[in-house]
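[1] Here's my sequence, what's the structure:
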Amino acid sequence: TRAELLQYQLKELNDFNPQAGEFEQIDEEYKRLANSGQLLTTSQNALALLADGEDVNLQSQLYSAKQLVSELVGMDSKLSGILDMLEEATIQLTEASDELRHYCERLDLDPNRLFELEQRIAKQISALETAQALHQQALETAQALHQQRQFYAQELGQLITESMHLLSMPHGLFTIDVKFDEHHLSNDGADRVEFKVTTNPGQPLQPIAKVASGGELSRIALAIQVITARKMETPALIFDEVDVGISGPTAAVVGKLLRQLGESTQVMCVTHLPQVAGCGHQHFFVSKETDGAMTETHMQPLDKRARLQELARLLGGSEVTRNTLANAKELLAA
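    Alright, predicted model coming up:
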């Protein structure tokens, strides 16, 4: 299958694992071995001219020149500088000859090593061509994924916007900005995705973290979770301050959406609104106690009767009346 082929090609690239600068080193060694015969012949010819030639060489000629100049210095000391320069030239010539002689002795003519390098270079070229082809395929796949994301981002943004309107954000607008960046290519594609939102008239779309308050963020998160719940596998969701700035019918909508979400995953919500609390499958009462030095938080599960009393308290304040109890029963029955 295509997936197996890609896995095989990826394994080949990983096994090959070229190191930084390795190709340059191999290329330099290959050139030296491939031209080793010419290198040796030319080096030996140069060495013969410098020092090892039987008939004539620079070293012997320089020695003869020094002898003649030395005689001249005996007659005119002003020529001593020339003799010094010839001495320096002799030293340089001797060092150059020695270096070239050692180079000839160390020159490797190993044909087996040359064959190994040829194989390695061929493999490098093949791997490079494979990598370039795979990279192009990955970019094409990422481009196709990008187009799908753009299409569904528009649809998802519209659905979340509609949910925001239900959650007391009538002027809310939610968009998903999907930009293709080939330099951002990874297993997840080559897209940079940013959620943008505006909650008030006249406000431009901005990244969600810059414009939304805590309560708005919770409600936007709720809208997103409700829309995407069927496709997600999140084990638990926690909402805090989801009811800030809302009441009445909007609170009832929030409660129903949370309950709907709770049908497919675990949802925990901290709320002060009876309309929201009444929609939960289970109710916990959270309280704080302090002795002046330390504060403790307690969370107590409520049975049916205690829950009714707590909902009535939320509806009527500190005093629980027949009317608030009746309203609490209606909330639980809704």
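
[2] Any regions of the stretch 1-150 of the chain where pLDDT drops low?
    1-3, 6, 9-23, 26-27, 29-30, 34-35, 109-110, 113-114, 117 (pLDDT under 70).

[3] ok, Gly189 - contacts?
    142, 145-146, 149 (Cβ atoms under 8 Å, 6 or more residues apart in numbering). (Glycine included, C-beta is placed from N, CA and C.)

[4] Got a ChimeraX select line for the buried ones in these?
    What follows is the ChimeraX syntax selecting those of the contacts of Gly189 that are buried according to 16 or more other Cβ atoms under 10 Å:
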select :142,145,146,149
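
[5] from the contacts of Gly189, which ones fall inside helices?
    If you go by DSSP state H, those have 142, 145-146, 149 in helices.

[6] hey, where'd the strands end up in the stretch 101-250 of the chain?
    173-180, 191-198, 206-207, 236-240 (DSSP state E, counting those that start in this stretch).

[7] Quickly name whichever of the contacts of Gly189 is closest to Ala333.
    Arg149 (43.5 Å; Cβ to Cβ).

[8] surely the closest one meets Val193?
    Yes. The pair Arg149 / Val193 is scored as a contact, 7.4 Å apart, by Cβ atoms under 8 Å.

[9] Show me the common contact partners of those two, please.
    Common neighbours of Arg149 and Val193 (Cβ under 8 Å, 6+ apart) are Val178.

[10] Please name the nearest non-neighbouring residue to Thr297.
    Lys288 (5.4 Å; Cβ to Cβ, 6 or more residues apart in numbering).

[11] and the one you found, what element?
    Remark: Lys288 resides in strand 284-290, with elements defined by DSSP states H and E.

[12] Give the burial count for the residue lying closest to Thr228 once chain neighbours are set aside, as a bare number.
    Spatial nearest neighbour of Thr228, excluding adjacent residues (Cβ to Cβ, 6+ apart): Leu156 at 7.7 Å. For Leu156, the neighbour count with other Cβ atoms under 10 Å is 17.

[13] For Leu156, report the pLDDT, please.
    Looking at Leu156, its pLDDT stands at 92.

[14] What's the separation between it and Thr130?
    37 Å (Cβ to Cβ, to the nearest Å).

[15] Kindly report the same for Leu62.
    Per Cβ to Cβ, Leu62 is found 58 Å from Thr130.

[16] who does the strand holding Lys288 pair up with?
    strand 295-301 (antiparallel) (DSSP bridges).

[17] can you list contacts of the partner strand?
    Strand 295-301 is contacted from outside by 282-290, using Cβ under 8 Å, 6+ apart.

[18] Repeat that for stretch 47-57.
    Residues from elsewhere that reach stretch 47-57 (Cβ under 8 Å, 6+ apart): 58-59, 93-94, 96-97, 100-101, 104.

[19] about what we covered before: out of the ones in helices among the contacts of Gly189, who's nearest Ser186?
    Closest approach to Ser186 among those (Cβ to Cβ): Ala142, at 8.9 Å.

[20] who's sitting farthest from the centroid in the chain?
    No residue in the chain sits farther from the centre than Met75, which is 81.2 Å out by Cα atoms, centre = their mean.

[21] Ramachandran coordinates for that residue?
    Torsion angles at Met75 (phi, psi; degrees, to the nearest 10) stand at phi -100, psi -30.

[22] and it, how far is that from Leu68?
    Distance of Met75 to Leu68, computed by Cβ to Cβ: 11 Å.

[23] OK, contacts around the nearest residue to Ile176 once chain neighbours are set aside?
    In space, Ile176 comes closest to Ala153 once its chain neighbours are excluded; the distance is 3.8 Å by Cβ to Cβ, 6+ apart. Ala153 sits next to 175-178, 193 when contact means Cβ under 8 Å, 6+ apart.

[24] Got a PyMOL select line for the buried ones in those residues?
    This is the PyMOL syntax for the buried subset of these, where burial follows 16+ other Cβ under 10 Å:
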select buried, resi 175+176+178
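
[25] Could I get the full set of helices for the stretch 51-200 of the chain?
    Assigned helices in the stretch 51-200 of the chain, in chain order: 58-75, 80-106, 111-166 (criterion: DSSP state H, counting those that start in this stretch).

[26] can you redo these as TSV with distance to Leu185?
    Formatted as TSV, those follow (distance: least, Cβ to Cβ, whole Å):
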stretch	distance to Leu185
helix 58-75	60
helix 80-106	46
helix 111-166	6
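
[27] Any idea which of the ones you listed gets closest to Ala328?
    Per Cβ to Cβ, nearest to Ala328 of these: helix 111-166, 24.1 Å.

[28] Now find how far off-centre that closest one is within its chain.
    14 Å (Cα atoms, centre = their mean, to the nearest Å).

[29] So for the closest residue to Pro204 other than its chain neighbours, what's the pLDDT?
    In this structure, Pro204 finds its nearest non-sequential neighbour in Thr198, 6.6 Å apart by Cβ to Cβ, 6+ apart. For Thr198, the pLDDT comes out at 90.
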